[in-house]
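Engineer: Fold the following for me, if possible:
(2 chains)
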Amino acid sequence: MDWMTLSPEEWTAVRLSLRVATVATLVALPFGVGVAYLLARGRFWGVSVLNGLVLLPLILPPVVTGYILLILFGRRGPIGAFLADHLGIVFSFRWTGAALACGIMGFPLLVRAIRLSLEAVDSRLEEAAGTLGASRTWVFATVTLPLIAPGILAGMILCFAKAMGEFGATITFVSNIPGETQTLPSAIYTFTQVPGGDAGAFRLTLVSVAIAMLALLASEVMARYANRRLDIE
Amino acid sequence: MTLAIDIRHTLGDFRLDAQFETGGGLTALLGRSGSGKSTIVNVIAGLIRPSHAHLAIDGTVLVDTATGIFVPRHRRRVGYVFQEGRLFPHLSVRQNLLYGRWFAPRDGRREDFGSVVELLGIAALLDRRPGRLSGGEKQRVAIGRALLADPRVLLMDEPLASLDEARKAEILPYIERLRDHARVPIVYVSHSIAEVARLATSVVLLADGRVAAAGPLADIMHRLDLIPLTDRGEAGAVIEAVVERHEPAFDLTELRSRGGLWRLPALRAPVGTRLRLRVRARDVMLATSPPSNVSALNVFTGVVSDIAADGGPVVDIKLDCSGEVLIARLTRFSFDKLGLARGHTAHALVKSVALDRRELGGTVRMLPSADAEASES
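Structural biologist: Numbers count the residues shown, from 1 in each chain, chains lettered A, B, ... in the order given. The predicted structure is shown next:
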């Protein structure tokens, strides 16, 4: 069973991927809820522009998204330079850059799931909460948010899965540096490019499948729990 | 409590232009669908921003478009019971009931959790989720939830409209108890004369976005000119009566009103209970000579005080029976044959079995204070 054991480098890639996907999902979450709320409830002229911007990474070739990130968030890019100088956050050729690329790629899926569940919320319940003395913020926290929790969970799982599998944008933006930016897909790609890498590629493929299955299972369990809480037969 | 309202609001083709004031008790906004009743309560609750309005509760201005005052809904302390309940599906019944309490001012609370739960009979439901309650249970919880937010006024927008007759009959006594026990004034929207006749202290009658009439219940119900604005088939007199005697041999109950003695199929109410009878105009017969050998048990003699004939097949006649009003609806044919005119004496006959026992108001008077309050009024 020796061939089943992951080498230290492979473990590094797995751990890095999990970290990148987790950070990408968690950081994207508040923005995702905010943008989904604007898209579902906003009544301003820029709604369709915003919608287009959010969906763009889903439609553009990932390489293009990665290149745009490189231009904007690279060391000399306008945003990248500002963040590095003022906040000390550096993206280029760091795992944080991989997380940014993964977050951007997963964002449309996250927003879409939350937006759909927001649109399904009965706004009359929010009105009722208002007449009971809850301000807009409280209505959101105590009525809207609990009602869209299943949608948020679904969106997070989609975003996480997308982040785990992200390849094109990540490799374009932050390259493929073992231990820093080499995520699972990049590692598998590297294995396929060298002679005798089949076994490693196969092991990492099994790991990918296992993680994907676990994520799906978790989402199923959580959806069932949420539905039971709402007494939906 | 006084609620003073003056609204001018346009919504597409519909124009609302309504001014009225209400006091305590239960004020019914009565009118057909599209008469503007719901718009008015939505303005009071702050769910609609009217184009021109002045709204004040006990002198506190909630809306004044002239000076730009618009208190947001969550600061109005106006309770709202919606037609469809609108309970929060993710919270238990107890959490639903306590929701508004969170935001209400801590001191000077008028309603206490235990007594509201008892008043509405929902103690057994507290740990359940709203998804599995019956329609009637949902509405009772919704009423409790609104009440526990300690509102200055309680709005109820057709709270029985989505329920079947049995569920309605189940809830009506609770609303009566609420009217008599809770210190909060109620504004009750309805298109049903039966509901209004049973529940209301005073009535604001709306037609096409305007106030057609406003005043104490009997004054509005007994005006023949207002009948066409409501549900014609249901129009009739409202009579306050007291249970005087039970007659077990014939399964009858005798009630005393100002106009005389009523006999009804046996009621379970104890002697001394105050009841509100609704006598539909279509259930009343008239005779010009004292009737003999008739089966109707309730015969009252009075003077014709008003006649409403619009040239159609029926004529409405108001009869004054020593201070008690009865309204009779006859065909124009019978009316001509009897030759009735104002000032004539006539005898009204009401079949005992025509009085719907399910519609009798006031059968539920659980706490002793209620009877004291009722006898005062």
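Engineer: Other residues contacting stretch A:130-142?
Structural biologist: Outside stretch A:130-142, the residues that touch it by Cβ atoms under 8 Å, 6 or more residues apart in numbering or on different chains are A:126, A:129, A:143, B:45-47, B:72-80, B:99-100, B:102-104, B:145-146, B:149. (Glycine included, C-beta is placed from N, CA and C.)
Engineer: Can you flag which of those belong to strands?
Structural biologist: B:78-80 (DSSP state E).
Engineer: So which of the residues you listed reach chain A?
Structural biologist: Counting by Cβ under 8 Å from any Cβ of the partner chain, B:78-80 from these sit close to chain A.
Engineer: Now do the helix or strand harbouring residue A:113: distance to the chain's middle.
Structural biologist: In the assignment (DSSP states H and E), residue A:113 maps to helix A:95-120. Centroid displacement of helix A:95-120 relative to its chain, using Cα atoms, centre = their mean, to the nearest Å, is 5 Å.
Engineer: Stretch A:70-86 now?
Structural biologist: Distance, centroid of stretch A:70-86 to centroid of chain: 21 Å (Cα atoms, centre = their mean).
Engineer: quick check, nearest of the ones next to chain A among the ones in strands among the contacts of stretch A:130-142 to chain A?
Structural biologist: Using Cβ to the nearest Cβ, residue B:80 comes nearest to chain A of those, at 4.2 Å.
Engineer: before we move on, the earlier item: just the buried ones out of the ones next to chain A among the ones in strands among the contacts of stretch A:130-142, please.
Structural biologist: Among those, those scoring as buried are B:78-80 (criterion: 16 or more other Cβ atoms under 10 Å in any protein chain shown).
Engineer: one step back: establish whether the helix holding residue A:113 and chain B are in contact.
Structural biologist: No - judged by Cβ under 8 Å from any Cβ, helix A:95-120 and chain B are separated, with a smallest distance of 12.1 Å.
Engineer: Check which helices and strands that helix sits against.
Structural biologist: helix A:8-41, helix A:47-59, helix A:62-73, helix A:145-165, helix A:168-174 (3 or more Cβ pairs under 8 Å, 6 or more residues apart in numbering or on different chains; DSSP states H and E).
Engineer: repeat that with 6 Å
Structural biologist: Applying 3 or more Cβ pairs under 6 Å, 6 or more residues apart in numbering or on different chains; DSSP states H and E, one finds that helix A:95-120 makes contact with helix A:8-41, helix A:47-59, helix A:145-165, helix A:168-174.
Engineer: got the angle for the first one vs helix A:145-165?
Structural biologist: Calculated by axes from the mean of the first three to the mean of the last three Cα atoms, to 10 degrees, helix A:8-41 forms an angle of 140 degrees with helix A:145-165.
Engineer: List the buried residues of the helix ranked longest in chain B.
Structural biologist: Secondary structure of chain B per DSSP state H: the longest helix is helix B:165-181. Buried positions in helix B:165-181, judged by neighbour count with 16+ other Cβ under 10 Å: B:167-168, B:170-181.
Engineer: those helices in the stretch 51-200 of chain B, which residues are they?
Structural biologist: Using DSSP state H, counting those that start in this stretch, the helices assigned to the stretch 51-200 of chain B run over residues B:93-98, B:113-120, B:135-148, B:165-181, B:193-199.
Engineer: Output the ones you listed as TSV; include the columns mean pLDDT and distance to chain A.
Structural biologist: Output for the helices of the stretch 51-200 of chain B, formatted as TSV (pLDDT from 0 to 100; distance: least, Cβ to the nearest Cβ, whole Å):
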stretch	mean pLDDT	distance to chain A
helix B:93-98	95	10
helix B:113-120	89	14
helix B:135-148	92	7
helix B:165-181	85	17
helix B:193-199	90	21
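Engineer: which one is residue A:4 nearest to, not counting chain neighbours?
Structural biologist: residue A:203 (6.8 Å; Cβ to Cβ, 6 or more residues apart in numbering or on different chains).
Engineer: so what's the backbone phi/psi at the one you found?
Structural biologist: phi -60, psi -50 (degrees, to the nearest 10).
Engineer: same check, this time on residue B:26
Structural biologist: The phi/psi pair for residue B:26 (degrees, to the nearest 10) reads phi -110, psi 120.
Engineer: Output the below-cut-off pLDDT ranges for chain B.
Structural biologist: B:108, B:356-359, B:361-377 (pLDDT under 70).
Engineer: Spell out which residues of it are next to chain A.
Structural biologist: Counting by Cβ under 6 Å from any Cβ of the partner chain, the residues of chain B close to chain A are B:45, B:47, B:73-74, B:80, B:86, B:89-90, B:99-100, B:103-104, B:129, B:131-132, B:149.
Engineer: got a list of what residue A:197 touches?
Structural biologist: Listed by Cβ atoms under 6 Å, 6 or more residues apart in numbering or on different chains, the contact partners of residue A:197 are residue A:191.
Engineer: Chain neighbours aside, what residue packs nearest to the residue nearest the centre of chain B?
Structural biologist: Chain B has residue B:196 as the residue nearest its centroid, 2.5 Å off, counting by Cα atoms, centre = their mean. Sequence neighbours aside, residue B:28 is the residue nearest to residue B:196 in space, at 4.3 Å (criterion: Cβ to Cβ, 6+ apart).
Engineer: and what of residue B:240?
Structural biologist: That would be residue B:276: by Cβ to Cβ, 6+ apart, it lies 5.9 Å from residue B:240.
Engineer: How about the secondary structure of the one you found?
Structural biologist: Following DSSP: H, G, I helix; E, B strand; the rest coil, residue B:276 is assigned to strand.
Engineer: What is the neighbour count of it?
Structural biologist: Residues lying near residue B:276 (other Cβ atoms under 10 Å in any protein chain shown) number 20.
Engineer: measure it to residue B:242 for me?
Structural biologist: Applying Cβ to Cβ, to the nearest Å, the value for residue B:276 to residue B:242 is 11 Å.
Engineer: So which of the residues of chain B next to chain A wins on neighbours?
Structural biologist: Counting by other Cβ under 10 Å, top hit in those: residue B:80 with 29 neighbours.
Engineer: Does it touch residue B:156 like I think?
Structural biologist: No - Residue B:80 lies out of contact with residue B:156 (Cβ atoms under 6 Å); the separation is 8.0 Å.
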